[in-house]
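K.L.:
requesting a structural model of the entry that follows:
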Amino acid sequence: HIVLKPSRLDPRAPAQSLLAFSGNMTSQVGVAQSYGVFGFNYNRGNFKFDNGQRWARYTTGRKMAMAQVGMFRQDVTDLAGVSMGKMKLYGPIYGIVITVCVTVFVEGRSGLKFPGPPVFISQIYLQCLGVGMSFMVLATWLLFHAAMRAQVACVQLRTRKVRVPVPSQRQLDGSRKLLSTYEEQGLYDMFRIPFVMPNGANSPDNSDSEEEEQRSKQKGYAKGGIPGAFSKVKSIVTEAHEKGRTSHNARMPGLTSGNPSWYAQELDANEDCPESSPSGYGIEGAPEPFEHFELLRNAQKEWWACEAYMRICFLYGMMHLIMAFSYWIVLHCIAELGMIWCSNLGAAGLTAGVWIMFRMDVLPEHGGAFPMEIGGPFVTSIALGMMYGHTVTQTMIDVARGIAAFIILMHIALCFRMYSIAKPAMNRAHHQA
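P.N.:
Got it, this is the predicted structure:
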């Protein structure tokens, strides 16, 4: 016979197990709720902090951009001011020299109170005076053209191209974020648990300088323990990422670099709308070479030749003006006053001055140094000394006439030398200032 024993199970056992299960579920829901509230508040605090930093970074970046453009505008003024400043410096000198030439043309005539001097020296004297005045008038025209054109280019660049990047109201509104926009973020970024869940976006790419700085730093943690172990693991994961052994989407909490998604969206917005970024040029900043240098360089092509030939005309005009004074002193001292040695000293001193001016402005490899054809006044003093000497013979007169013809040939050679110096060389400068 089979004897059925009463069951030892308590009829209340199913109810107790159900209560235990519901209690466990309640505790787990409470833990999840606690973690969820913690993650929400933590990420919300990060969002508030990041957007405060975003606004501060935008205003700081715009201040730096405005200061940078201010320097660019100063560059334009300084570079164009070199040509504009020459008008203030050279303009009065040109005016005075032209006035002196006109005065000498009127008051410096010879042969009014004394017998007329030889024709060749009067011709050369008046010719040098006229050539000097012509070069100074041409230099004045080139000076005003270059200075005014540089001023126009400076004004146009500063008012149309090189503008201070003051942000508009739309850009200011786009750079700030309201706290309610946190509700527009993804659920992962809103409830991410720090050190447990990795960031949702990648870190931005480093610049070349930052990469070199990171390579120079020692890998790993110098100390042992848990920080050293985590640093070594992080180094291994980073090397695996660099060598392509792991997927780019593979992330490890606390060991993989990253950023919240709202920061990645901000970087994307700066790339899509570079003019609305803090720098006004996007993430990379202003490209080099800077645009205002290129614009000014192209604008300089319209006046730099005038400025260069203005200086050449200035040199040639002053040379012929001093040479005209030298011929006049020789003419006046010998033909009118009979002072031969005073003529020699005056001609030698002024001729040396012309040589020094020519040597200081023209490089020796381009026809500079001390050309002999500039010494016409001193040779003229010798020729007139032979003509107006105490004892004059026909041989001395013939020799003086030959020297006079040689002086004319010296001036013809001087014309060729001036042309060879002034013509464009069509090569790059190979000297240093």
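K.L.:
what packs against the host helix or strand of residue 71?
P.N.:
Assigned by DSSP states H and E, residue 71 belongs to helix 13-107. Contacts defined by 3 or more Cβ pairs under 8 Å, 6 or more residues apart in numbering; DSSP states H and E place helix 13-107 against helix 119-156, helix 169-175, helix 187-190, helix 261-272, helix 291-300, helix 304-330. (Glycine included, C-beta is placed from N, CA and C.)
K.L.:
nearest to residue 62, out of those helices?
P.N.:
helix 169-175 (8.6 Å; Cβ to Cβ).
K.L.:
name the helices or strands packed onto that closest one?
P.N.:
By 3+ Cβ pairs under 8 Å, 6+ apart, helix 169-175 packs against helix 13-107.
K.L.:
thinking again about what came up before, out of the helices and strands packed on helix 13-107, which gets nearest to residue 38?
P.N.:
Using Cβ to Cβ, the helices and strands packed on helix 13-107 put helix 187-190 closest to residue 38, at 12.0 Å.
K.L.:
most tightly surrounded among the helices and strands packed on helix 13-107?
P.N.:
helix 304-330 (a mean of 22; mean count of other Cβ atoms under 10 Å).
K.L.:
how about the CA coordinates for the next helix or strand after that one, as PDB?
P.N.:
With elements assigned by DSSP H and E, the helix or strand that comes after helix 304-330 is helix 340-361. Taking C-alpha atoms only, helix 340-361 is exported to PDB below (Å, rounded to 0.1, in the frame of the first residue of the first chain):
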ATOM      1  CA  ILE A 340      90.900 130.500 -62.000                       C
ATOM      2  CA  TRP A 341      91.900 128.700 -58.700                       C
ATOM      3  CA  CYS A 342      88.500 129.600 -57.200                       C
ATOM      4  CA  SER A 343      86.900 128.000 -60.200                       C
ATOM      5  CA  ASN A 344      89.000 124.800 -59.800                       C
ATOM      6  CA  LEU A 345      88.100 124.500 -56.100                       C
ATOM      7  CA  GLY A 346      84.400 125.100 -56.700                       C
ATOM      8  CA  ALA A 347      84.200 122.700 -59.700                       C
ATOM      9  CA  ALA A 348      86.200 120.000 -57.800                       C
ATOM     10  CA  GLY A 349      84.000 120.200 -54.700                       C
ATOM     11  CA  LEU A 350      80.700 120.200 -56.500                       C
ATOM     12  CA  THR A 351      81.800 117.400 -58.800                       C
ATOM     13  CA  ALA A 352      82.800 115.300 -55.800                       C
ATOM     14  CA  GLY A 353      79.300 115.900 -54.400                       C
ATOM     15  CA  VAL A 354      77.700 114.600 -57.600                       C
ATOM     16  CA  TRP A 355      79.900 111.500 -57.500                       C
ATOM     17  CA  ILE A 356      78.900 110.900 -53.800                       C
ATOM     18  CA  MET A 357      75.200 111.200 -54.600                       C
ATOM     19  CA  PHE A 358      75.600 108.800 -57.600                       C
ATOM     20  CA  ARG A 359      77.600 106.300 -55.600                       C
ATOM     21  CA  MET A 360      75.100 106.300 -52.700                       C
ATOM     22  CA  ASP A 361      72.000 105.700 -54.900                       C
END
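K.L.:
and the angle for helix 340-361 with helix 304-330?
P.N.:
170 degrees (axes from the mean of the first three to the mean of the last three Cα atoms, to 10 degrees).
K.L.:
could you pull up the mean pLDDT of stretch 39-46?
P.N.:
Stretch 39-46 comes out with an average pLDDT of 85.
K.L.:
with adjacent residues omitted, what lies nearest to the residue nearest to the spatial centre of the chain?
P.N.:
In the chain, the residue lying closest to the centroid (Cα atoms, centre = their mean) is residue 293, at 5.1 Å. Of all residues not flanking residue 293 in the chain, residue 75 sits nearest, at 7.2 Å (Cβ to Cβ, 6 or more residues apart in numbering).
K.L.:
kindly report the same for residue 315.
P.N.:
residue 361 (4.9 Å).
K.L.:
rewinding a little: the residue nearest to residue 293 touches residue 291, doesn't it?
P.N.:
No: contact criterion Cβ atoms under 8 Å: residue 75 and residue 291 do not qualify, at 11.3 Å.
K.L.:
pLDDT at the closest residue to residue 177 other than its chain neighbours, what is it?
P.N.:
Leaving aside its sequence neighbours, residue 177 sits nearest to residue 51 (Cβ to Cβ, 6+ apart; 4.4 Å). Predicted confidence (pLDDT) for residue 51: 83.
K.L.:
cool, and residue 415?
P.N.:
pLDDT at residue 415 comes out at 89.
K.L.:
which element is it on?
P.N.:
helix 394-422.
K.L.:
packing partners for that helix?
P.N.:
helix 119-156, helix 304-330, helix 376-387.
K.L.:
counting by contacts, list what the last one packs against.
P.N.:
This means helix 376-387. helix 119-156, helix 304-330, helix 340-361, helix 394-422.
K.L.:
using JSON lines, lay out these together with distance to residue 282.
P.N.:
Shown next, in JSON lines, are the helices and strands packed on helix 376-387 (distance: least, Cβ to Cβ, whole Å):
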{"stretch": "helix 119-156", "distance to residue 282": "26"}
{"stretch": "helix 304-330", "distance to residue 282": "33"}
{"stretch": "helix 340-361", "distance to residue 282": "48"}
{"stretch": "helix 394-422", "distance to residue 282": "48"}
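K.L.:
so which of those is nearest residue 261?
P.N.:
Nearest of the helices and strands packed on helix 376-387 (Cβ to Cβ): helix 119-156, 44.9 Å.
K.L.:
sorry, back to before: contacts only, for the residue nearest to residue 293.
P.N.:
292, 293, 296 (Cβ atoms under 8 Å, 6 or more residues apart in numbering).
K.L.:
which stretches of this protein have low pLDDT?
P.N.:
1-25, 28-29, 111-115, 203-257, 283, 366-368, 426-433 (pLDDT under 70).
K.L.:
any idea how many residues pack against the nearest residue to residue 411 once chain neighbours are set aside?
P.N.:
Spatial nearest neighbour of residue 411, chain neighbours left out: residue 376 (6.2 Å); criterion: Cβ to Cβ, 6+ apart. Neighbour count for residue 376, taken as other Cβ atoms under 10 Å: 26.
K.L.:
same deal with residue 87?
P.N.:
By other Cβ under 10 Å, neighbour count at residue 87 equals 20.
K.L.:
and for the one 3 residues further on?
P.N.:
Burial of residue 90, expressed as a neighbour count using other Cβ under 10 Å, amounts to 17.
K.L.:
that one - nearest residue in space that isn't next to it in sequence?
P.N.:
Nearest one to residue 90, counting by Cβ to Cβ, 6+ apart, is residue 143 at 5.6 Å.
K.L.:
ok, the one you found - contacts?
P.N.:
86, 87, 90, 91, 94, 306, 307, 310.
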